[in-house]
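Output the structure for:
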Amino acid sequence: MTPIVEIQNLRVTFGGVVRAVDGVDLSLRRGEVVALIGESGSGKSVTLRSLLRLHPAKRSKVEGTIRVDGQDITATGARAMADIRGNTVAMIFQEPLLALDPVYTVGEQIVEVIRRHEKASRAAARARALELFERVRIPSPERRLDAYPHEMSGGMRQRAMIALALACRPKVLLADEPTTALDATVQIQILLLLRELQRDLGLSIIFVTHDIGAAVEVADRIAVMYAGRIVEQGSARDLIRDPRHPYTIGLLKSRADGALAKGNRLEAIPGSPPDVTKLPPGCAFGPRCALVIEPCRAAPPPALPVSPGHDARCIRKDESPALLGLKVLAPSPPPVIAKSVSEEAIQETAR
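Below you'll find the predicted structure:
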C-alpha cells in the first residue's frame with residue numbers, strides 16, 4: 001500500500017547556515033500513528049512544518065521530496081497549497097494560546113475554516129463547530145463557542161485546537177507536542193482523546209514529542225531524531241524491547257518509569273545537543289556517546305538494519321544494549337497513562 005505521507009531526503013536550511021533537518025526519510029501509512037521524538041532542537045517541529053510549507057520562503061531552503069496523498073508538496077502552487085492546509089493535512093500546534101487569534105472567538109475561527117474549505121453556510125458551519133466541540137468533550141460547548149482563547153483553560157484550548165484541526169475532516173493530522181504545556185491529568189485526557197479520534201476517524205497521525213513514554217502510548221512506530229537526522233526507527237515495541245542507538249537508550253534510561261530500582265539516580269545523557277551550524281564530521285551524537293570509537297568520528301553512520309522495519313544509525317548497534325547496561329524490558333505505559341483514570345474522573349477534571 002502506498003504511504004499517505006512519504007518524505008525522502010528532506011533537508012531544511014535556515015539563513016544558508018543552519019541545517020535544521022539533514023536527510024530525513026520518513027513514511028506514514030494510512031491509519032497509522034508515527035511518533036517523532038528527541039530533545040529540543042533535534043528537528044522534529046521543522047520536519048512537521050515542512051509538510052505544510054510553513055517555513056518562510058525567503059529565509060529557508062527546503063530540499064528533497066514530500067508527498068502527501070499522492071501530491072508533491074514541494075512542487076505545489078501557493079493557491080493549491082492553501083487548499084491542502086486544513087483540508088488534507090491539519091496541524092495541532094504546540095501552544096494554542098499563540099496559534100489561536102486572540103481577537104476572535106474560538107467558534108468564529110472554526111466557522112471561518114469550515115466556510116473557506118467546504119463553502120458551507122454560517123449556520124451549517126456553526127453546527128459543525130458545535131459538533132466538534134462535543135466530540136472533543138469541551139464542557140458547555142455552546143457557551144464555549146463564543147469564548148475567546150484567553151477565557152479558556154489550557155486543557156480546553158488544546159481541545160479547541162484539536163477541534164479546529166479536525167474541522168475539514170483531514171486525512172493527516174500533525175500533532176506538535178500537544179501535551180507539553182499541560183499538567184499530568186490534562187495530558188492523560190489529551191492522549192486518550194487523540195487515540196480515540198485516530199481510531200474512530202481513521203486518521204493518519206505524526207505525533208511530535210520529547211517524551212518517549214507518551215510516544216509508546218499513542219504510536220505504532222517511533223522515529224528518534226537527533227541533530228536533524230533520524231538515528232533510529234522501528235515499531236514502538238521494537239524500540240522499547242530492543243533499542244540499538246545509544247541516544248535511544250539514553251532517552252529510555254533517563255525516565256523514572258519503574259525500570260530503575262528505588263533509590264538509584266536517573267542516568268541523564270551527558271553534555272548538550274550540538275550546534276547544528278558546527279556539526280562534527282562523523283556521528284553527531286559522538287561527543288556525548290559512551291561507545292564512541294575512531295570510525296564514529298570519520299563519517300555519519302548509515303541506517304543499518306536491526307530487524308525488518310527497524311534500523312539504527314550506529315556502527316556498534318549490536319553492542320550498545322549490553323555495553324550501556326540496559327535491561328531489555330517489555331513495553332509498559334508511561335506514568336501519566338499508567339494511572340487509573342476513569343472516564344467520569346476525566347470529565348470532572350475537564351469541568
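
all helices for this protein, in order.
Counting by DSSP state H, the chain has helices at residues 44-50, 78-84, 96-99, 106-118, 122-135, 141-145, 154-165, 184-201, 212-218, 236-241, 246-253, 320-323, 335-338, 343-350.

which residue sits closest to residue 291, ignoring its sequence neighbours?
Distances taken as Cβ to Cβ, 6 or more residues apart in numbering put residue 316 closest to residue 291, at 5.0 Å, once the chain neighbours are dropped. No exception for glycine: its C-beta is placed from N, CA and C like everyone else's.

how much space is there between that neighbour and residue 34?
Distance, residue 316 to residue 34, using Cβ to Cβ, to the nearest Å: 26 Å.

Residue 13 too?
Counting by Cβ to Cβ, the gap from residue 13 to residue 34 is 24 Å.

Could you chop the protein up by domain?
For the chain, the structural domains run 100-160, 240-335, going by automatic domain parsing.

thought residue 314 was touching residue 306?
No. With contact defined as Cβ atoms under 8 Å, residue 314 does not count as touching residue 306 (9.5 Å).

So those two - more neighbours on which side?
residue 314 (27 against 21; other Cβ atoms under 10 Å).

The closest residue to the more buried one other than its chain neighbours - how many residues pack around it?
Closest residue to residue 314 apart from its sequence neighbours, by Cβ to Cβ, 6+ apart: residue 245 at 4.8 Å. Neighbourhood size, residue 245 [other Cβ under 10 Å]: 29.

wait, residue 186 sits on residue 154?
Yes. With contacts counted by Cβ under 8 Å, residue 186 reaches residue 154, the gap being 6.7 Å.

Residues that sit against both of residue 314 and residue 306, list them.
The contact sets of residue 314 and residue 306 overlap at residue 244 (Cβ atoms under 8 Å, 6 or more residues apart in numbering).

which residues in the stretch 201-350 of the chain form strands?
204-209, 221-226, 229-235, 304-307, 310-312 (DSSP state E, counting those that start in this stretch).

Indicate which one of those strands is closest to residue 8.
When the strands of the stretch 201-350 of the chain are compared by Cβ to Cβ, strand 229-235 sits nearest residue 8, at 12.2 Å.

contacts for the closest one?
Residues from elsewhere that reach strand 229-235 (Cβ under 8 Å, 6+ apart): 22-26, 43, 220-225, 239, 243-245, 247-248, 284-285, 300, 303, 306-307, 309-314.

Could you do stretch 9-26 as well?
With contact meaning Cβ under 8 Å, 6+ apart, stretch 9-26 is reached by 5, 7-8, 34, 36, 43, 46-47, 50, 55, 59-66, 223, 225, 227-230, 233, 276-277, 279, 303.

Run a quick neighbour tally on the residue nearest to residue 24 when sequence neighbours are not counted.
Distances taken as Cβ to Cβ, 6+ apart put residue 10 closest to residue 24, at 4.3 Å, once the chain neighbours are dropped. Number of residues near residue 10 (other Cβ under 10 Å) recorded here: 24.

Can I get the helices of the chain in TSV including mean neighbour count?
TSV is the format used below for those (neighbours: other Cβ atoms under 10 Å):
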stretch	mean neighbour count
helix 44-50	23
helix 78-84	13
helix 96-99	16
helix 106-118	21
helix 122-135	17
helix 141-145	16
helix 154-165	24
helix 184-201	18
helix 212-218	24
helix 236-241	20
helix 246-253	24
helix 320-323	14
helix 335-338	16
helix 343-350	12
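
Can you lay out those helices as a markdown table showing mean pLDDT and distance to residue 171?
Shown next, in a markdown table, are the helices of the chain (pLDDT from 0 to 100; distance: least, Cβ to Cβ, whole Å):
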| stretch | mean pLDDT | distance to residue 171 |
| --- | --- | --- |
| helix 44-50 | 94 | 16 |
| helix 78-84 | 92 | 10 |
| helix 96-99 | 88 | 21 |
| helix 106-118 | 94 | 13 |
| helix 122-135 | 95 | 17 |
| helix 141-145 | 94 | 25 |
| helix 154-165 | 92 | 12 |
| helix 184-201 | 87 | 10 |
| helix 212-218 | 85 | 18 |
| helix 236-241 | 91 | 22 |
| helix 246-253 | 89 | 30 |
| helix 320-323 | 67 | 37 |
| helix 335-338 | 39 | 27 |
| helix 343-350 | 41 | 28 |
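
looking at these, which is closest to residue 72?
Of all the helices of the chain, it is helix 78-84 that lies closest to residue 72, at 10.7 Å by Cβ to Cβ.

Pick out whichever of residue 316 and residue 34 has more residues nearby.
Comparing residue 316 with residue 34 by neighbour count (other Cβ under 10 Å), the higher total belongs to residue 34, at 23 against 19.

Let me know whether the more buried one touches residue 218 as I believe.
No. Counting by Cβ under 8 Å, residue 34 does not reach residue 218; the two are 10.0 Å apart.

which neighbours do the two share?
Listed as contacting both residue 34 and residue 218 by Cβ under 8 Å, 6+ apart are 205, 207.

what about the residue nearest the centre of the chain, distance to residue 35?
In the chain, the centroid-proximal residue (Cα atoms, centre = their mean) is residue 208; its distance is 1.4 Å. Residue 208 sits 8 Å away from residue 35, going by Cβ to Cβ.

so which of the helices of the chain comes closest to residue 174?
The closest of the helices of the chain to residue 174 is helix 44-50. By Cβ to Cβ, the value is 5.0 Å.
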